[in-house]
Structure formats: C-alpha cells, structure tokens
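K.L.:
Sequence and predicted model, in that order:
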Amino acid sequence: MKQSVNQTQGESYAKYFLNKHERWWRFLLPVQVPYKKFARAICRGQVLDIGCGAGRYLSFLFPRATGVDHNTHMLDYVKGKGFKAFSPEDFLSAPGNNNAFDTLLFSHILEHMTPENACSMISQYIPCLRSNGRIVIILPQGEAFKTDHTHICNYSPEMIRNLATLTGTRMIRSFTFPFPEKIGEYFPFNDLVYLLKRRISFPPPSQIFLTHGRSMPNLPVKL
C-alpha cells in the first residue's frame, strides 16, 4: 500500500492544505460554528492535537490545546497564529508530558497512513494520556475521503476496534457528524468520529509484542 505520510511533510502539501483552509467562505459564513461547539463538547480538559495541521482545532479549543505536527511549514503557520505547537520529536523528548492530557485528538490524520503506522503512532502518545482520559479519532466519512489525494486508507469500524485492542484502549462510541451517514455519501464535509478510552492495566503494544519476540501484526485494510 502506498504510504502518504512523507507526502504531507513538505512545503507543497502545506500550501495545498492552507489554500483549502483559508477559503473565504470559511471565515465570512458561520459554517464553523457547529464544528467549534462539537470540538468543545467532545474534547475534554487539556487536549493534545496530534496532526494539528493549520490549527483548526487549536483555534476551537484555545487556550487548552497543544498541537503536534511533522510538517515544519504548518508548525510555523500555527505558531504565527499564537498557538502552542511542536514537532513530534521535540514533544516526545520533552519532560513533563506523561499523564498531562485529558484528550488525545487524532483529527483527519489516520487516513494518511497504513493501519500499522497508525497503531505505532497512537502507541507513542498513549503515555501522555491521563488514566481517565479519552482518545478522539475523527476520519472523513463517505464522499469526504475523496477530497485529499494523500488519503490512502478508508478505515472501517472493525479496523478501529483492532487499533483499539492493539493500543491498549477500547472503543466506547462511534457516530457521524454533523449529518447522518447517508448524507455523508454526498456531502464532502461529514466526519466519522470514534471515542476510545484507555485500559489502565493494559501494557503498551510495543511491550506486548517485544516480550513475545514478534513484530506488530498486520491489520486488515479492506472495508
């Protein structure tokens, strides 16, 4: 399967993404209001936005959100807006981030990578989540999956359940937003949302598979 993570790192993708983000109607029309209310309701406490991009959710959740992104051009953009954001390397190597967040947000990021890489990435950030915290995964639903040429994996509920098992979490709820699933087959801005909770006594996936001398297993990638 083609891997698109590297495709989202460079300046060309940043320009492409920011061009979509800065379309005039997003600022003149109240289209962001329901998404802002949704973000504030579903993302509790201190939020770590992994793959923060242009800072959409950082703006919705300011000042209680911290961003992480591997695209340095995106980081420069969101920092210029006054938001707190770091590269993955800087964030993960900094002291004091373990058990520091109530919500881990993965919004429109998993579809850019294989399930194996998604599992590895989520596992890296699990230690940052407090024991009673939650993980929010937001994916493009229906027609929305076709809106970005770097989308490579259209995750099914079964695949998300497998990710949850392998990352020591459990799925507690899933739904579409802002419209029902049927409308999302035609409306290109509908989201599929999964809520996961941390299993307190569950060891991290890397420990499980290293202990048994095995690599991370392949996850099913077909719907």
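P.N.:
Thanks, I have the structure now.

K.L.:
Wasn't residue 102 part of a strand?
P.N.:
Yes: the assignment for residue 102, made by DSSP: H, G, I helix; E, B strand; the rest coil, places it in a strand.

K.L.:
before we move on, what SS does the closest residue to it other than its chain neighbours have?
P.N.:
In space, residue 102 comes closest to residue 45 once its chain neighbours are excluded; the distance is 2.8 Å by Cβ to Cβ, 6 or more residues apart in numbering. No exception for glycine: its C-beta is placed from N, CA and C like everyone else's. On the three-state scheme (three-state DSSP), residue 45 is labelled coil.

K.L.:
Tell me who's in contact with residue 45.
P.N.:
Counting by Cβ atoms under 8 Å, 6 or more residues apart in numbering, residue 45 touches 64, 101, 102, 103, 130, 133.

K.L.:
What is the nearest of the residues you listed to residue 9?
P.N.:
Checking those against residue 9 by Cβ to Cβ gives residue 101 as the nearest, at 24.1 Å.

K.L.:
these two touch, right, that closest one and residue 131?
P.N.:
No: between residue 101 and residue 131 there is no contact under Cβ atoms under 8 Å: 11.4 Å.

K.L.:
Of the two, which one has the most company?
P.N.:
Using other Cβ atoms under 10 Å as the criterion, residue 101 and residue 131 rank with residue 101 on top: 23 against 10.

K.L.:
Quick check: longest strand in the chain by residues?
P.N.:
When the chain is parsed with DSSP state E, its longest strand is strand 129-140.

K.L.:
List the buried residues for the helix or strand that that one is followed by?
P.N.:
Going down the chain from strand 129-140, the next helix or strand is helix 157-166, by DSSP states H and E. For helix 157-166, burial by neighbour count (16 or more other Cβ atoms under 10 Å) applies to 159, 160, 162, 163, 164, 165, 166.

K.L.:
which other helices and strands contact helix 157-166?
P.N.:
For helix 157-166, the elements it packs on are helix 115-125, strand 169-177, judged by 3 or more Cβ pairs under 8 Å, 6 or more residues apart in numbering; DSSP states H and E.
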